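> Sequence and predicted structure below; questions after.
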Amino acid sequence: MDWNALKIFIAVAHSNSLVGAAESLGMSHSTVYRRLNEFEEQVGRLFERLNGRYELTEIGEEMLGHAQRISHSFADIEREIAGKDTQPKGTVRITAPSSFSYHELPKHLAELSKLHPDIQTELLVTNSELNMSNRLADIAIRVTPSPPEHLVGREIRRIKWGVYAAPEYLLQQGCPENLESLQYHKIIGASGALSSHPAYQWLDKHHTGNVISRCDDLVAMSYLSQSGLGLALLPDDLMLVGLERLFTFKHVKTNQLWVLTHPDLRKVERIKIVMRFLATTLSES
């Protein structure tokens, strides 16, 4: 039985969708679809397709238990072998949210490559938590107040929130001096899952009438503001060239930035090197 097919089956079972499975595995939607269909042709129908969701059949439920036991065994073997790796070379998979992947990590990874040319990095851009027990990633850069208990690492930075605008907008509309003066300005709001963040809940409660556009992604929101569309509430790591920080937004807690790994991997030399490097460079950014 193909181990890769089992991994795809487990990912679809956990996310109940092809899209979620593809994102967690770093594969294309079409590849996951094709391989899952091939696997079902071998073992039987594992999922019922219900309005785009993938729900386990009775056979699928039974298969999931077996597949997870196999997965845990493979993960234990891989981590035990990796934990004995004392050479500062090889590939290190890093998962990070889009904000850091676009704006900060490129320059740091370029510097890392110069310092340690025998270490290759693989950057997995996602805001979702990847299964690090199965080594989908070796290091996770995450913004969270409470990292998962099964990972180890340290908090390296606190990130404030601010109100931002483009010089073009300020020239035409004037510069707000405080939160009260936002009532006289155009504001970019949040949509989708991002709208549940406390910053945008506050915005919708106090200034929803001033929202001229909405977006479900912080990076895209920063570019919308950079274009002159309106003001934006953003964490300070998203300050683009061409955006001006007007003042601090104090109605939300600062973001906590962590660098994390699995306990079994922290003694691997190449992972230790990259963990130490990222903790130092990101804390100074």
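Here it is on my side, so go on. Numbering: from 1, shown residues only.

> Next, the contact list for His108, please.
Each residue near His108 by Cβ atoms under 8 Å, 6 or more residues apart in numbering is listed here: Phe277, Leu278, Thr281, Leu282. Every C-beta, even on glycine, is put in place using the N, C-alpha and C of the backbone.

> and if you look at Gln183?
His207, Asn210.

> Same check on Gln201?
Taking Cβ under 8 Å, 6+ apart, one finds Ser195 in contact with Gln201.

> what helix or strand is it on?
helix 198-207 (DSSP states H and E).

> Below-threshold pLDDT in the stretch 1-150 of the chain: ranges please.
Within the stretch 1-150 of the chain, the ranges that satisfy pLDDT under 70 run 1-3, 72-86, 128-135.

> Tell me where it has strands.
Ranges of strands within the stretch 1-150 of the chain are 47-50, 53-56, 90-96, 119-125, 139-143, based on DSSP state E, counting those that start in this stretch.

> And the spatially closest residue to Leu265 that is not a sequence neighbour, how far from Ala22?
Take Leu265 and drop its neighbours on the chain: the residue closest to it by Cβ to Cβ, 6 or more residues apart in numbering is Ile271, 5.2 Å away. Here the distance between Ile271 and Ala22 works out to 26 Å (Cβ to Cβ, to the nearest Å).

> in the protein, which spans are helices?
Using DSSP state H, the helices of the chain run over residues 3-15, 18-25, 29-43, 58-83, 98-103, 105-115, 167-173, 198-207, 218-226, 269-284.

> Need these in CSV (columns: distance to Leu246).
Shown next, in CSV, are the helices of the chain (distance: least, Cβ to Cβ, whole Å):
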stretch, distance to Leu246
helix 3-15, 39
helix 18-25, 35
helix 29-43, 40
helix 58-83, 47
helix 98-103, 19
helix 105-115, 26
helix 167-173, 8
helix 198-207, 15
helix 218-226, 11
helix 269-284, 25
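
> Asn51: which of these is closest?
Nearest to Asn51, of all these, is helix 18-25, at 13.2 Å by Cβ to Cβ.

> quick one: which of Ile271 and Ala22 has more around it?
Between Ile271 and Ala22, counted using other Cβ atoms under 10 Å, the more crowded position is Ile271 (24 against 20).

> isn't Tyr102 right up against Leu218?
No: if you go by Cβ atoms under 8 Å, Tyr102 and Leu218 don't touch, sitting 10.3 Å apart.

> neighbour count winner among the two?
Of the pair Tyr102 and Leu218, Leu218 is the one with more neighbours under other Cβ under 10 Å, namely 21 against 15.

> Identify the residue nearest the residue most central in space within the chain in space, chain neighbours excluded?
Geometric centre of the chain, nearest residue: Asn127, 2.1 Å, by Cα atoms, centre = their mean. Closest residue to Asn127 apart from its sequence neighbours, by Cβ to Cβ, 6+ apart: Pro97 at 4.7 Å.

> got it, and Arg266?
Going by Cβ to Cβ, 6+ apart, Arg266 has Val152 as its nearest residue, at 6.0 Å.

> Walk me through the domains of the chain.
Following automatic domain parsing, the chain resolves into domains at 3-83, 90-159+256-284, 161-253.

> picking that back up, so the residue nearest to the centre of the chain makes contact with Phe100?
No: using Cβ under 8 Å, Asn127 is not in contact with Phe100, being 10.4 Å away.

> buried stuff in the helix holding Gln201?
By 16 or more other Cβ atoms under 10 Å, the buried positions in helix 198-207 come out as Ala199, Tyr200, Leu203, His207.

> One more: stretch 209-229?
Using 16+ other Cβ under 10 Å as the burial criterion, the residues of stretch 209-229 that qualify are 210-211, 214-215, 217-219, 221-226, 228-229.

> From these, pick the one nearest Ala193.
Asp217 (9.8 Å).

> Run through the residues that contact that closest one.
Counting by Cβ under 8 Å, 6+ apart, Asp217 has contacts Ser98, Leu194.

> Show the contacting residues for the nearest residue to Phe47 once chain neighbours are set aside.
Nearest in space to Phe47, with sequence neighbours left out and distances taken as Cβ to Cβ, 6+ apart, is Tyr54 at 4.3 Å. Contacts for Tyr54 (Cβ under 8 Å, 6+ apart) come out as Val12, Ala13, Asn16, Ser17, Leu18, Phe47, Glu48.
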